[in-house]
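everything below, folded, please.
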Amino acid sequence: MHLPLADDRKRHVYIIARLLNKGATRVPPAIVAKKLLRLATKMEQQLFEMTQGRPLGEDSIRQHLVALAHAACKRTSTKSQVEVVSV
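Next comes the predicted model:
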């Protein structure tokens with residue numbers, strides 16, 4: 001069972017969802033509507049853990065999301081390099 005989010009965290013989810021929606025111009029609206037809230041909530045959870053629960057503004061959220069995306073890309077490229085080396 002999920003606990004309700006605090007107001008700051010709801011605002012974070014709203015900002016993340018808005019930023020994701022802006023960036024999803026090529027994705028069909030049905031897919032955006034289906035996945036956007038879940039993805040925004042997951043990203044907010046990572047953001048919450050990374051910032052130790054501090055309330056953030058839109059610019060700070062954007063910077064942290066870029067850092068999360070960069071870290072995810074780095075992990076993905078490291079995995080593929082390891083797979084290539086191990087073959």
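
okay, CA-based contacts and neighbour counts for the rest of this
Will do.

now Arg54, what's its secondary structure?
When classified by DSSP: H, G, I helix; E, B strand; the rest coil, Arg54 comes out as coil.

please name the residues that touch the residue nearest in space to the middle of the chain.
Most central in the chain under CA atoms, centre = their mean is Met43, positioned 3.1 Å from the mean C-alpha point. Listed by CA atoms under 8 Å, 6 or more residues apart in numbering, the contact partners of Met43 are Ile16, Leu65.

what about it, helix or strand, and which?
Assigned by DSSP states H and E, Met43 falls within helix 29-50.

can I get the CA coordinates of that helix in CSV?
The C-alpha coordinates for helix 29-50 follow below in CSV (Å, rounded to 0.1, in the frame of the first residue of the first chain):
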residue,chain,number,x,y,z
PRO,A,29,-0.5,10.9,-26.8
ALA,A,30,-2.1,7.6,-25.7
ILE,A,31,1.3,6.3,-24.6
VAL,A,32,2.2,9.5,-22.8
ALA,A,33,-1.1,9.5,-21.0
LYS,A,34,-0.7,5.9,-20.0
LYS,A,35,2.9,6.1,-18.7
LEU,A,36,3.6,9.7,-17.7
LEU,A,37,2.3,9.7,-14.1
ARG,A,38,4.0,6.4,-13.2
LEU,A,39,7.3,7.5,-14.7
ALA,A,40,7.1,11.0,-13.0
THR,A,41,6.4,9.3,-9.7
LYS,A,42,9.4,6.9,-10.1
MET,A,43,11.6,9.8,-11.0
GLU,A,44,10.4,11.9,-8.1
GLN,A,45,11.3,9.0,-5.8
GLN,A,46,14.8,8.9,-7.1
LEU,A,47,15.0,12.6,-6.8
PHE,A,48,13.7,12.5,-3.2
GLU,A,49,16.3,10.0,-2.2
MET,A,50,19.1,11.9,-4.0
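
buried stuff in it?
Within helix 29-50, the residues scored as buried using 16 or more other CA atoms under 10 Å are Val32, Leu36, Leu37, Leu39, Ala40, Thr41, Met43, Glu44, Gln45, Leu47, Phe48.

repeat for stretch 49-60
Of all the residues in stretch 49-60, those buried under the rule 16+ other CA under 10 Å are Leu56.

for that stretch, measure first residue to last.
Taking CA to CA, to the nearest Å as the measure, stretch 49-60 stretches 14 Å from start to finish.
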